[in-house]
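Asker: Sequence below, structure please.
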Amino acid sequence: MSYVVCALYRFVDLPDHADLRAPLLNRMEAADIRGTLLLAAEGINGTVAGQRDAIDDLLSYLRRHPALAELTTKESLTDEMPFLRAKVKLKKEIVTMGVTDIDPRKSVGTYIKPADWNALISAEDVTVIDTRNEYEVAIGTFKGAINPHTNSFREFPEFAETQLDPARQKKVAMFCTGGIRCEKSTAYLKSLGFGEVYHLEGGILKYLEDVDEKDSLWQGECFVFDNRVTVDHQLQPGQYDQCHACRMPISDQDKLSNAYVAGVSCPHCIDQFEDADRERFRERERQVRLARQRGEAHLGSDARITAERRRSRKNQR
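Answerer: Numbers count the residues shown, from 1 in each chain. Down below sits the predicted model:
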């Protein structure tokens, strides 16, 4: 395994977040660390990948900042770089719920260790809620969990207000991919008057890492926000691919559909794009195939390096 994939976040007062962007991006590019980090006044969030020593150096650099000393991280391994380039973005929120007065730094649900999660969600008086989006839930979820049927995290507050009731759901257990969405969703439920609100510490990824598959209540695979698309219970790349038109996960069954054209369309997006978009997708896919035949990358940092080498050889000639 050549690359460490590191998901990280921290809700913390970060008034100097804008000043961190340039030096952080420079450090990532110099160490060939790729992925995306989000910076906001409320903290940091993101997933990056690189060689072991490069990731260790980046985490050490971040933790030297007084506000980020207790950074939350989760790691897995992969034999291919799962990101195309390095990005550091300035945001209003590090995970977008759209509710401005919710602050996980002041009020949040009770953390439950993966080892204790099965017992909690198996209790009859506990309502288990998957805080993720529709396409994520469809790939895998915990047995008995409620699907909020949201297309974005911004829709979760409406689901909570219309479908949940503190008088009926006395105990609520929530989970998400890495834990960060639950920081806000549990804080939001507490603001609505829910008394006992719990969430899976470290999220699904930490559960898959810590709980043996024979004891697991997890069903299916877990969607991840990189080129692996999904991971299985061993945190190895799963069986799903990704539609390069709409970025939705697609199965082998989806590829048998008449709506599927590699790089152009899939059953999820067959009615979403105009003809001009489809032509652009076809040309992009053609360029990707040509680059692959030449043994070159078409997108991301590797493509930029290839272009620079070509220019250098041309100038030399």
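
Asker: Hmm, Pro166 and Gly193 touching each other?
Answerer: Yes. Counting by C-beta atoms under 8 Å, a contact exists between Gly193 and Pro166, whose distance comes to 4.4 Å. Heads up, the C-betas are built off the backbone N, CA and C, glycines and all.

Asker: Show me which of these two is the more surrounded one.
Answerer: Counting neighbours by other C-beta atoms under 10 Å for Gly193 and for Pro166 shows that Pro166 has the greater number, 15 against 9.

Asker: Show the pLDDT at the more buried one.
Answerer: Pro166 is assigned 95 on the pLDDT scale.

Asker: again, but for the one 10 residues further on
Answerer: Note on Cys176: pLDDT of 97.

Asker: residue contacts, it?
Answerer: Asp130, Thr131, Arg132, Cys182, Ser185, His199, Leu200, Gly203, Ile204 (C-beta atoms under 8 Å, 6 or more residues apart in numbering).

Asker: Phi and psi next, for the first one.
Answerer: The phi and psi torsions at Asp130 (degrees, to the nearest 10) take the values phi -90, psi 120.

Asker: oh, and call the first residue 30 from now on, that's how I've got it
Answerer: Shifting the count to begin at 30 puts that one at Asp159.

Asker: thought it was touching Thr170?
Answerer: Yes. Counting by C-beta under 8 Å, a contact exists between Asp159 and Thr170, whose distance comes to 5.0 Å.

Asker: Check the separation of the first and last residues in stretch 138-157.
Answerer: Terminal residues of stretch 138-157 are spaced 13 Å apart (C-alpha to C-alpha, to the nearest Å).

Asker: in that stretch, what's buried?
Answerer: Buried residues in stretch 138-157, counted by 16 or more other C-beta atoms under 10 Å: Gly138, Ile141, Pro143, Trp146, Asn147, Leu149, Ile150, Val155, Thr156, Val157.

Asker: and whatever helix or strand the last one lives in, what does it pack onto?
Answerer: Meaning Val157. Counting by DSSP states H and E, the element that carries Val157 is strand 155-159. Contact here means 3 or more C-beta pairs under 8 Å, 6 or more residues apart in numbering; DSSP states H and E; on that basis strand 155-159 packs against strand 169-171, strand 200-204.

Asker: What separation is there between Cys272 and Lys200?
Answerer: For Cys272, the distance to Lys200 under the criterion C-beta to C-beta, to the nearest Å works out to 38 Å.

Asker: Kindly apply the preceding question to Leu91 instead.
Answerer: When C-beta to C-beta is applied, the distance between Leu91 and Lys200 equals 35 Å.

Asker: These two: who's more crowded?
Answerer: Summary of the neighbour comparison: Leu91 and Lys200, criterion other C-beta under 10 Å, with Leu91 having more neighbours (20 against 15).

Asker: picking that back up, could you tell me which of the buried residues of stretch 138-157 are located in helices?
Answerer: Counted as lying in helices by DSSP state H, out of these, are Pro143, Trp146, Asn147, Leu149, Ile150.

Asker: Tell me the one of those residues nearest Gln322?
Answerer: Closest to Gln322 out of those is Pro143 (44.7 Å), distances taken as C-beta to C-beta.

Asker: check contacts around that closest one.
Answerer: Residues in contact with Pro143 (C-beta under 8 Å, 6+ apart) are Leu229, Glu230, Gly231, Lys235, Tyr236, Glu238, Asp239, Val240.

Asker: which stretches of the stretch 30-179 of the chain form strands?
Answerer: Assigned strands in the stretch 30-179 of the chain, in chain order: 32-40, 63-69, 72-79, 101-107, 115-119, 139-141, 155-159, 169-171 (criterion: DSSP state E, counting those that start in this stretch).

Asker: elements contacting the third one?
Answerer: Looking back up the chat, that one is strand 72-79. Checking 3+ C-beta pairs under 8 Å, 6+ apart, strand 72-79 ends up next to strand 32-40, helix 46-59, strand 63-69, helix 81-92.

Asker: try it again with 7 Å
Answerer: The helices and strands touching strand 72-79, judged by 3 or more C-beta pairs under 7 Å, 6 or more residues apart in numbering; DSSP states H and E, are strand 32-40, strand 63-69.

Asker: before we move on, back to that, going by distance to Gln265, which of the ones in helices among the buried residues of stretch 138-157 wins?
Answerer: When these are compared for distance to Gln265 (C-beta to C-beta), Pro143 wins out at 18.2 Å.

Asker: what helix or strand is the residue lying closest to Thr139 once chain neighbours are set aside on?
Answerer: Computed as C-beta to C-beta, 6 or more residues apart in numbering, the closest residue to Thr139 that is not its neighbour in sequence is Tyr227, at 4.9 Å. Assessed by DSSP H and E, Tyr227 sits inside strand 225-229.

Asker: same thing with Leu319?
Answerer: Secondary structure assigned from DSSP H and E places Leu319 in helix 304-322.
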